[in-house]
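K.L.:
Here is a sequence with its predicted model. Questions after.
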Amino acid sequence: MILGKVAGTVVSTSINVEVKGASLLLVDKCNQRGEKKGDYIVALDLVGANRDELVMISESTSARETPTTINKPVDAIIVGIIDIIDENEKVVYKKVTPSHK
């Protein structure tokens, strides 16, 4: 799996992927601390990720093995939104949630 931060959306007037409720997101690959690499990919989003969220991405054959994407021309899919990453018993990433007033 690959880690990445959602950088924006991708809109296409013509697309060969018919997945209801899905959107295409532009994702900047990251390290485990959420630091961006400047290496972008387009991923199909089925989990409702938002801008600046750290996500897990499956690529290639794995992206086409979900019940929703089987036999679809998909190369990258967002499979999860990350809340916390623990590396060697130390939290190196924690999702920041907006505070409510």
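P.N.:
Thanks, I have it. Keep in mind that what you see is a predicted model, and the values were worked out from it rather than measured.

K.L.:
Tell me where the chain has helices.
P.N.:
Counting by DSSP state H, no segments of the chain form helices.

K.L.:
Please enumerate the strands of the protein.
P.N.:
Using DSSP state E, the strands of the chain run over 2-10, 23-30, 36-45, 54-59, 76-81, 84-87, 90-94.

K.L.:
what sits up against the shortest one?
P.N.:
Applying Cβ atoms under 8 Å, 6 or more residues apart in numbering, the external contacts of strand 84-87 come out as 32-33, 54, 91-95. To be clear about C-beta, it is placed using only N, CA and C from the backbone, and glycine gets the same treatment.

K.L.:
Closest to Ser23 out of the residues you listed?
P.N.:
Leu54 (17.5 Å; Cβ to Cβ).

K.L.:
hang on, the earlier thing: I'd like to know which of the strands of the chain lies nearest to Pro67.
P.N.:
strand 76-81 (11.7 Å).

K.L.:
export that closest one as PDB, just CAs?
P.N.:
Once non-C-alpha atoms are left out, strand 76-81 reads as follows in PDB (Å, rounded to 0.1, in the frame of the first residue of the first chain):
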ATOM      1  CA  ALA A  76      -5.300   3.100  -8.000                       C
ATOM      2  CA  ILE A  77      -8.000   3.100  -5.300                       C
ATOM      3  CA  ILE A  78      -8.300   4.800  -1.900                       C
ATOM      4  CA  VAL A  79      -9.000   2.000   0.600                       C
ATOM      5  CA  GLY A  80      -8.800   3.900   3.900                       C
ATOM      6  CA  ILE A  81      -8.400   7.200   5.700                       C
END
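
K.L.:
Any regions of this protein where pLDDT drops low?
P.N.:
Within the chain, the ranges that satisfy pLDDT under 70 run 15-17, 21, 99-101.

K.L.:
which one of the contacts of strand 84-87 is nearest Val74?
P.N.:
Leu54 (20.9 Å).
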